[in-house]
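1. Starting from these lines, generate the structure:
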Amino acid sequence: MKNIPQYRLSKSESLFVREPLTRLKNLIFTFKVQYNFIKAFRKMHFIGPCVTVFGSARFGPETIHYKNAEKIGGEMAKLGFTVMTGGGPGIMEAANKGAYENGGYSVGCNIVLPLEQKPNPYLHRWIYIPYFFVRKVILVKYSYAFIVMPGGIGTLDEFFEALTLIQTKIISGFPLVVFDKTYHQELYHHIKIMVENESISPEDMKLLFITDSVDELVEHIKKHSIKKFGLKKEVYKPKWWYLEKTKQ
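-> Here you go, the predicted model:
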């Protein structure tokens, strides 16, 4: 990656959610949010149908989790998907690398954090987003499938965000795949406890697919994303009057 601008951690989101602000400051904040949404929409408009891969920034190339994510990224590229991640290191880098090195398109929605987060070198296109909630919208908006790899609190946040949107039919029933049964066994067990206590419906268990097999993951996404929604790669023509550029 060349000529990556240096950004500071945004303080405006923190101030907005932790204390009342003046009407003027609230208004200024909403303008900033609107600007970042529009910038992201313009940047990502031509990336085509995506699969978003969620996972920890802390797993390095020597780990099995990194290797699995790299393989999965490659397989998604072979299916014709653009692979989208949070743009950072670890699992995100691995998925982007798999797509990048298998002839696919690789994008990242990056956010500045005190530690860990910086754009990985396997991105054809990336965007800096200073607000967590804007970033999550973009990670969901362009994707027709979601893959949850081993991760931490941020990964679980993204997992339940996508699951909630699918459960409430805010977005269509896109496949949500949880990879690595051993790592996620307690999470899966807790979701079953929710069913037993009737805090969710038994049918909600069908909204996620958990597996240890890359082949099963690929077939599940083929069936429940590509075939279900009739997806195919499209060649988008940018509109010059919008000052648009297609993906490079």
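
2. Please make it C-alpha for all contacts and neighbour counts, starting now.
-> Fine.

3. give me the low-pLDDT residue ranges for the protein?
-> Scanning the chain for pLDDT under 70 picks out 1-19, 112-117, 233-248.

4. Where do the strands of it begin and end?
-> 50-54, 82-85, 105-110, 125-128, 143-148, 176-179, 208-211 (DSSP state E).

5. elements contacting the second one?
-> What that stands for is strand 82-85. strand 50-54, helix 64-78, helix 91-100, strand 105-110 (3 or more Cα pairs under 8 Å, 6 or more residues apart in numbering; DSSP states H and E).

6. ranking the ones you listed by burial, who's on top?
-> Scoring the helices and strands packed on strand 82-85 by mean neighbour count under mean count of other Cα atoms under 10 Å gives helix 91-100 as the most buried, with a mean of 30.

7. Now tabulate the strands of the chain in TSV and tack on distance to Phe160.
-> Shown next, in TSV, are those (distance: least, Cα to Cα, whole Å):
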stretch	distance to Phe160
strand 50-54	11
strand 82-85	16
strand 105-110	18
strand 125-128	23
strand 143-148	10
strand 176-179	10
strand 208-211	11
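
8. I'd like to know which of the ones you listed is closest to Asp157.
-> Comparing those against Asp157 with Cα to Cα, the closest turns out to be strand 50-54 (9.9 Å).

9. Give the partner strands of the closest one in its sheet and their orientations.
-> Using DSSP bridges, strand 50-54 pairs in its sheet with strand 82-85 (parallel), strand 143-148 (parallel).

10. Please go through the chain and pick out the longest helix.
-> helix 23-44 (DSSP state H).

11. Would you mind listing the buried residues in that helix?
-> Phe29, Val33, Asn36, Phe37, Ala40, Lys43, Met44 (16 or more other Cα atoms under 10 Å).

12. Now do that helix: which elements does it pack against?
-> Right, helix 23-44 is packed against helix 12-18, helix 132-141 by 3+ Cα pairs under 8 Å, 6+ apart.

13. One more pass at 10 Å, please.
-> If contacts are counted by 3 or more Cα pairs under 10 Å, 6 or more residues apart in numbering; DSSP states H and E, helix 23-44 sits against helix 12-18, strand 105-110, strand 125-128, helix 132-141.

14. Looking at the ones you listed, spot the one closest to Glu186.
-> Taking Cα to Cα, helix 132-141 is the member of these nearest to Glu186, at 24.6 Å.

15. From the chain's centroid, how far away is the closest one?
-> Chain-centre distance of helix 132-141: 8 Å, with Cα atoms, centre = their mean, to the nearest Å.
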